[in-house]
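# Below: sequence and its predicted model.
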Amino acid sequence: MEQPENDSVSYETAEQIILRWDATVSEDARVRMIFEGDRQEIDRYLQAVDRIQVSMESTTLSDDDGAAGVQEQSKKINGAIQIAMARLEDEFRNILISHASPVETETLTESMSSAHLTPRTSTSISEFPGNDDYSSRGEDDSISRDGSSSLERGESSNTISSYRSMSSIREIDLIPSDIVCDLRSIAERMIAAGYFRECVQVYGSVRKSAVDACFKKLGVEKLSIGDIQRMEWEALNAKIGKWMRAAKMCVRVLFASEKRLCEQIFEGLGTAADDACFMETVKGPAVQLFNFAEAISISRRAPEKLFKILDLHDTLFDLLPDIDAVFDGKSAESIRVQATEILSRLAEAARGMLNEFENAVLREPSKVPVPGGTIHPLTRYVMNYISLISDYKQTLGELIVSRPATGSRYSDDQTTPDMDFSDHEEQSPLALHLIWIIVILQFNLEGKSKHYKDNSLAHLFIMNNVHYIVQKIKGSPELREMIGDHYLRKLTAKFRQAATSYQRATWVGVLYCLRDEGLHVSGSFSSGVSKTALRERFKSFNAMFEDVHKTQALWLIPDTQLREELRISISDLLIPAYRSFLGRFRSHIESGRHPENYIKYSVEDLETAVLDFFEGCAVSQHSRRRSQ
């Protein structure tokens, strides 16, 4: 025990000093605190306590002789010790309370920002699209960093910063060093006199209040697991972002600093006093902190929660070494175990949510066709979702270790698509899951295309949606690397085949009107052409083209380049055939009556009319021009 730098005092003097500061008998002792006075007064009191403790030890050694005088002296010394310990306990409490102001959040933030941090943006995604969640045109397919598409959901985005830290613990001084010395001098004497439990309880109660106050400043609420699980996801989503920020500050700064303070005051005083005081202070707050993540880890596994679950997983994974370092004592084992178990459950939840997402994509039930054959909300949602998954490829790549069980996962009678894994032997399990999601998305879209009454529109719908899938993959280097160029080429061939099928379904009949067969009159040596048949052929062409033009001007190809490419392809089929037909047979019609009833379109008219296709416009540009 360190002795105050004063000359040794006699027992009688020491006893007088102790009794003078007995708050139960002295009004002055009740209103004044020793450690708020001058240094000389503090040292005299501590020296008096030391002298009494020495006397108690020597009296204990001589107690065995049973002399009445010795027993009386022992009783007197014990009384003085009790008074002294009660006084020191009050002083200890008063000092702690005087320096128990919660750490300012700015201080915690500055401590965190002094670490080398690599920013990463936290994400979440809106709920799975409903049956009527249709976009009107689909030009803007961007997804905000909170996961919701600005077009699909109409919501503003909120960005929450998350970090991967390359450096961890940042301790700060919670109490000035000279005050720490006073606290240690009191703790040393209380523990030596057998007042360990009283010392720990006083310390823990005061410092825990300081930690609770800091929690309040950081927005860490006292919520039970039940409260958290009953919370609406939108509200919970915001709390998760706050929790991740607060958890880093609590573990790396607040808890670490509390541990350091305990070590400064109690280390080496025996009976693992520093560990005991630390746990008395932070065990409750630590359990409160980690209960939040635990509640999330065991909540319902909705697909839209995946990215917040991964953010939580990453945060806790990054914090785990720091948790082990801060909570390294035997009495803190339960905290370490809880954190490890939560991390495991978050990993399992993430795997489960990916499987739930695959199920949801396969079973998405909407049967009402999207107007104009445009991109289905499901396609946008799914591709935005897997684009976000690629942002988490490091984390998910470690969690997803098995390939999807194609077909065997589903317990109902719904038919499932096939997937040949032999084409993807070199790809990771996570990449296989992403490809499988695209496979079942296409499978679902094929089913939805059958709800279109017009076969041409069904092909256009498939072309639009598969093209969108291809563009989303090409637009993300991470996603393209995972999917692979081999499968990307298969998807490209798929939408090109759909475009070809559309052309056949739409234009074969129209072009059939421009054939020569059936127009020539057998045995005629005049013109060799039946004007009646020719007039019918022009009338059929006009009617069919007018119907196609009127209908397909309302259809929509959102991608500008794809729309232009298909128009060019249509023109390459239609315009040369019409120009040739018109060149061969115009004179036969114009030589008769009312040629304008049969030749309604010039070549230039058709070229202009094709420009109206796939604009999604109720009144076409060409129609407006013809009516002027």
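That came in fine, so what should we check first?
# And for residue 551, the neighbour number?
Look at residue 551: counted by other Cβ atoms under 10 Å, it has 14 neighbours. The way it works is simple: take the backbone N, C-alpha and C, and place the C-beta from them, glycine included.
# So it, which state does it fall into?
helix (DSSP: H, G, I helix; E, B strand; the rest coil).
# Okay, it and residue 241: tell me how far apart.
Counting by Cβ to Cβ, to the nearest Å, the gap from residue 551 to residue 241 is 48 Å.
# So for the helix or strand hosting residue 538, mean pLDDT?
For residue 538, the host element (DSSP states H and E) is helix 531-552. Averaged over helix 531-552, pLDDT sits at 92.
# likewise stretch 279-297?
94.
# What residues of it count as buried?
Within stretch 279-297, the residues that count as buried by 16 or more other Cβ atoms under 10 Å are 279-283, 285-286, 288-297.
# Please enumerate the helices of the stretch 151-300 of the chain.
177-192, 196-218, 225-230, 233-249, 256-266, 273-297 (DSSP state H, counting those that start in this stretch).
# want to throw these into TSV with distance to residue 390?
Output for the helices of the stretch 151-300 of the chain, formatted as TSV (distance: least, Cβ to Cβ, whole Å):
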stretch	distance to residue 390
helix 177-192	50
helix 196-218	32
helix 225-230	29
helix 233-249	21
helix 256-266	35
helix 273-297	23
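# For residue 475, which of those helices is the nearest?
Distance to residue 475, taken as Cβ to Cβ, is lowest for helix 233-249 among the helices of the stretch 151-300 of the chain, at 26.0 Å.
# Okay, residue 617 and residue 372: tell me how far apart.
Residue 617 is 10 Å from residue 372, by Cβ to Cβ.
# Between these two, which contacts overlap?
residue 554 (Cβ atoms under 8 Å, 6 or more residues apart in numbering).
# between these two, which one's more packed in?
Per other Cβ under 10 Å, whichever of residue 617 and residue 372 has more neighbours is residue 372, with 23 against 15.
# Now do the same for the more buried one: its pLDDT.
95.
# Chain neighbours aside, what residue packs nearest to it?
Among residues not flanking residue 372 along the chain, residue 556 sits closest, at 3.8 Å (Cβ to Cβ, 6 or more residues apart in numbering).
# For the one you found, what are phi and psi?
Residue 556 adopts backbone torsions of phi -130, psi 130, taken as degrees, to the nearest 10.
# Test of understanding: give the bridge partners of it.
Residue 556 has these beta-bridge partners by DSSP bridges: residue 615.
# how close does residue 44 get to residue 56?
Taking Cβ to Cβ, one finds residue 44 at 19 Å from residue 56.
# can you check residue 484 too?
Between residue 484 and residue 56 the distance is 80 Å, computed by Cβ to Cβ.
# Repeat that for residue 259.
Taken as Cβ to Cβ, the span from residue 259 to residue 56 is 33 Å.
# before we move on, what about residue 249?
According to Cβ to Cβ, residue 249 and residue 56 sit 45 Å apart.
# One more: residue 301?
Distance from residue 301 to residue 56, by Cβ to Cβ: 63 Å.
# List the residues that contact the closest residue to residue 276 other than its chain neighbours.
When the adjacent residues along the chain are set aside, residue 276 lies closest to residue 200, with 5.2 Å between them (Cβ to Cβ, 6+ apart). Listed by Cβ under 8 Å, 6+ apart, the contact set of residue 200 reads 273, 276-277, 280.
# Next one: the residue nearest the centre of the chain from residue 337, what distance?
In the chain, the C-alpha nearest the mean C-alpha coordinate belongs to residue 308, at 2.6 Å (Cα atoms, centre = their mean). Remark: distance between residue 308 and residue 337 (Cβ to Cβ) = 24 Å.
# on that earlier part again, run through the neighbouring helices and strands of the helix holding residue 538.
Judged by 3 or more Cβ pairs under 8 Å, 6 or more residues apart in numbering; DSSP states H and E, the packing partners of helix 531-552 are helix 485-512, helix 560-590, helix 603-610.
# May I see those arranged in JSON lines, with mean neighbour count as well?
Listed next are the helices and strands packed on helix 531-552 as JSON lines, based on neighbours: other Cβ atoms under 10 Å:
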{"stretch": "helix 485-512", "mean neighbour count": "16"}
{"stretch": "helix 560-590", "mean neighbour count": "15"}
{"stretch": "helix 603-610", "mean neighbour count": "16"}
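# Compare those and give me the one nearest residue 401.
Among the helices and strands packed on helix 531-552, helix 485-512 sits nearest to residue 401 (Cβ to Cβ), with 20.9 Å.
# got the angle between the closest one and helix 531-552?
140 degrees (axes from the mean of the first three to the mean of the last three Cα atoms, to 10 degrees).
# just checking, what packs against helix 485-512?
Other helices and strands packing on helix 485-512, by 3+ Cβ pairs under 8 Å, 6+ apart, are helix 429-449, helix 455-474, helix 531-552, helix 560-590.
# tell me the angle that helix makes with helix 560-590.
20 degrees.
# ok and helix 485-512 relative to helix 455-474, angle-wise?
With the same axes, to 10 degrees as the basis, helix 485-512 and helix 455-474 are set at 150 degrees to each other.
# for helix 485-512, what is the average pLDDT?
Taken as a whole, helix 485-512 has an average pLDDT of 95.
# mind checking how far it is from the chain centre?
Per Cα atoms, centre = their mean, to the nearest Å, the displacement of helix 485-512 from the mean C-alpha position of its chain is 38 Å.
# For the stretch 1-150 of the chain, which segments count as strands?
117-121 (DSSP state E, counting those that start in this stretch).
# By mean pLDDT, which helix or strand of the protein comes out lowest?
Lowest on mean pLDDT, DSSP states H and E among the helices and strands of the chain sits helix 150-153, with a mean of 32.
# contacting residues for residue 528?
Applying Cβ under 8 Å, 6+ apart, one finds that residue 528 lies in contact with 520-521.
# what stretches of this protein score poorly on pLDDT?
Within the chain, the segments meeting pLDDT under 70 span 1-8, 59-71, 105, 110-124, 130-167, 406-414, 522-527, 618-628.
# what about 50?
In the predicted model, the chain carries pLDDT under 50 at residues 6, 61, 116-121, 134-140, 142-166, 408-413, 524-525, 619-622, 624-628.
# follow-up on the earlier one: columns distance to residue 505 on top of the helices and strands packed on helix 485-512, output as JSON lines?
Shown next, in JSON lines, are these (distance: least, Cβ to Cβ, whole Å):
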{"stretch": "helix 429-449", "distance to residue 505": "12"}
{"stretch": "helix 455-474", "distance to residue 505": "4"}
{"stretch": "helix 531-552", "distance to residue 505": "11"}
{"stretch": "helix 560-590", "distance to residue 505": "12"}
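# which stretch among these comes nearest residue 26?
The closest of the helices and strands packed on helix 485-512 to residue 26 is helix 429-449. By Cβ to Cβ, the value is 74.2 Å.
# Give the other helices and strands that the closest one contacts.
Partner elements for helix 429-449 (3+ Cβ pairs under 8 Å, 6+ apart): helix 333-363, helix 377-391, helix 393-399, helix 455-474, helix 477-483, helix 485-512.
# List just the one of those that sits closest to residue 28.
It is, among the helices and strands packed on helix 429-449 and with distance given as Cβ to Cβ, helix 333-363, at 45.1 Å.
# follow-up on the earlier one: of residue 249 and residue 56, which one has the most company?
Applying other Cβ under 10 Å to residue 249 and residue 56 shows that residue 249 carries more neighbours, namely 22 against 18.
# Leaving out sequence neighbours, find the closest residue to that one.
In space, residue 249 is closest to residue 108, 4.4 Å off (Cβ to Cβ, 6+ apart).
# Next, count neighbours for that neighbour.
Neighbour count of residue 108, defined by other Cβ under 10 Å: 25.
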